[in-house]
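Asker: Let's see this in three dimensions:
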Amino acid sequence: MRVIVVGGGVVGTMHAWQAVERGHEVVQIEREAEARGASLRNFGQIWVSGRAGGEELDTALRARELWEAIGARVPGLGFRPIGSLTPVRTAAEYAVAEAAAARPDAAARGYKLVTAAEARALNPALRGAFEAALWCERDAAVEPRTAQPHLREALLATGRYTFLPGREVREVVGNAAVRDDHGDVHRGDAVVLATGAWLSGLVRELAPDILRSVRRVRLQMMQTAPLGEPLTTSLADADSFRYYPAYRGPALDALNSGQPQGPVAAAHRMQLLMVQRLDGGLTIGDTHEYEHPFAFDTVEDPYEHLVEVVESFLGRPLPKVRRRWAGVYAQCTDTTRVVHREQVADGVWLVTGPGGRGMTCAPAIAETTATELGW
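Answerer: Sure, this is the predicted structure:
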């Protein structure tokens with residue numbers, strides 16, 4: 001079988017990986033010299049802890065297994081089973097963490113409510129004031145800026161993979177065949193359009209109602225100079241309880257009603273997530289913007305808020321911020337859906353919309369596509 005993958009991000013690359021793993025030939029086409037979208041502009045978190053139960057959690061757990069297995073074969077991914085901590089400071093925050101640790105699926109997620117002393121034993125860099133923390137053992141991390149090149153290197157070594165950068169696919173020209181902007185036609189047995197947040201052009205022609213099913217979300221993030229010491233777990237704050245579906249319930253309702261977010265965090269729909277990169281720097285975010293048209297610039301208030309929150313947990317000044325950026329990703333408008341997977345032409349499938357779950361769930365999303373398509 002010959003599979004054509006359109007899109008060089010993590011979802012597309014994982015579809016290429018699945019096809020090659022099953023013995024097939026793959027041509028992967030990317031309109032840029034390298035992927036430049038959400039697959040690079042993210043935390044690199046394999047984030048199991050906050051996922052909704054059922055299909056979403058099952059997908060995240062399976063993806064976590066796949067990431068670990070792939071990471072053992074591709075060391076350049078920088079896979080690290082570091083877990084995460086969410087420190088809590090108030091009774092209302094503690095109640096949400098306590099409810100999470102009592103969930104029937106808490107063991108699958110690796111949830112444990114730990115004391116402040118136990119949290120500092122897990123992550124000695126946390127010298128700030130907090131009362132307890134929710135520990136999530138199953139969370140992990142990879143290096144998002146370098147993951148795709150290392151995966152492609154491994155794919156190229158198989159002899160069944162071709163990467164074609166700098167080409168934009170313009171039209172479908174037959175059963176499982178596409179033409180790019182160089183005029184070349186690529187024929188296969190299946191085409192997967194893994195175009196991320198690019199929902200215009202060919203995607204909109206093939207799926208005219210796509211914007212009813214998938215929306216674009218903009219966020220702001222930043223990265224610091226090296227911390228100078230290990231941050232041995234990823235870190236979230238209690239505002240992440242408000243964002244992730246795993247924490248919904250009476251305790252969260254009480255938190256939202258009795259302890260609302262501050263004005264900056266509320267205005268920008270914020271939470272803190274933080275992961276240390278292999279070079280020692282910290283990737284920190286984030287905000288959520290849903291209304292179109294998106295702003296063309298970044299604003300400083302959210303960054304100032306994040307610095308304040310991080311410093312309060314670390315008990316020390318944050319290293320110099322070296323990079324700031326805004327990114328856009330695609331999210332299913334029905335957020336209970338893990339991904340939008342649709343056949344849009346003969347032999348052509350569109351796979352998009354995992355939202356903030358793209359880096360976490362991509363290996364399992366691709367595995368499901370391969371199984372459903374009979375690869």
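
Asker: The stretch 251-375 of the chain: strands as residue ranges?
Answerer: 273-276, 282-285, 321-332, 340-345, 348-352 (DSSP state E, counting those that start in this stretch).

Asker: buried set for the third one?
Answerer: Which is strand 321-332. Neighbour-count burial for strand 321-332, counted by 16 or more other C-beta atoms under 10 Å, picks out Val321, Ala326, Gly327, Val328, Tyr329, Ala330, Gln331, Cys332. Heads up, the C-betas are built off the backbone N, CA and C, glycines and all.

Asker: how close does the fifth one get to Pro260?
Answerer: Read it as Tyr329. Tyr329 sits 27 Å away from Pro260, going by C-beta to C-beta, to the nearest Å.

Asker: again, but for the second one
Answerer: Between Ala326 and Pro260 the computed distance is 26 Å (C-beta to C-beta).

Asker: Which residues are in contact with Pro319?
Answerer: Pro319 is in contact with Thr224, Ala225, Pro226, Leu227, Gly228, Gly281, Leu282, counting by C-beta atoms under 8 Å, 6 or more residues apart in numbering.

Asker: thinking again about what came up before, I'd like the buried residues of strand 321-332 as TSV, with distance to Gly76 appended.
Answerer: TSV is the format used below for the buried residues of strand 321-332 (distance: C-beta to C-beta, whole Å):
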residue	distance to Gly76
Val321	26
Ala326	27
Gly327	22
Val328	26
Tyr329	23
Ala330	26
Gln331	28
Cys332	31
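
Asker: Out of the residues you listed, which comes closest to Ala177?
Answerer: Ala330 (24.7 Å; C-beta to C-beta).

Asker: Name the surrounding residues that touch the lengthiest helix in the chain.
Answerer: Under DSSP state H, the helix in the chain containing the largest number of residues is helix 55-73. With contacts defined as C-beta under 8 Å, 6+ apart, helix 55-73 is touched by 17, 46-48, 51, 77-79, 81, 105, 108-109, 138, 140, 142, 151, 154, 245-246, 336, 338, 357, 360-365, 367-368.

Asker: Give me the buried subset of those residues.
Answerer: Those of the contacts of helix 55-73 that meet the buried threshold are 17, 46-48, 51, 77-79, 109, 138, 140, 142, 151, 154, 246, 338, 357, 360-365, 367-368, by 16+ other C-beta under 10 Å.

Asker: So which of those residues sit within helices?
Answerer: Using DSSP H, the buried ones among the contacts of helix 55-73 in helices are Trp17, Arg109, Leu151, Ala154, Thr360, Cys361, Ala362, Pro363, Ala364, Ile365, Glu367, Thr368.

Asker: ok, which pair from those is furthest apart?
Answerer: Farthest pair in those, by C-beta to C-beta: Arg109 and Ala154, 29.4 Å.

Asker: For the stretch 51-200 of the chain, which segments count as helices?
Answerer: Under the criterion DSSP state H, counting those that start in this stretch, the stretch 51-200 of the chain contains helices at 55-73, 91-101, 106-109, 116-122, 147-156.

Asker: Show me how far the second one is from its chain's centre.
Answerer: Taking C-alpha atoms, centre = their mean, to the nearest Å, the mean C-alpha location of helix 91-101 is offset from the chain mean by 25 Å.

Asker: How about the longest one?
Answerer: Counting by C-alpha atoms, centre = their mean, helix 55-73 is centred 13 Å from the centre of its parent chain.

Asker: what sits against the closest residue to Cys332 other than its chain neighbours?
Answerer: Of all residues not flanking Cys332 in the chain, Gly353 sits nearest, at 4.2 Å (C-beta to C-beta, 6 or more residues apart in numbering). Residues near Gly353 by C-beta under 8 Å, 6+ apart: Ser213, Val214, Ala330, Gln331, Cys332, Arg337, Val339, His340.

Asker: what's the answer for Gln18, then?
Answerer: Pro363, Ala366, Glu367, Thr369, Ala370, Trp375.

Asker: which stretches of the protein have low pLDDT?
Answerer: Within the chain, no range satisfies pLDDT under 70.

Asker: Sweet, I'm off.
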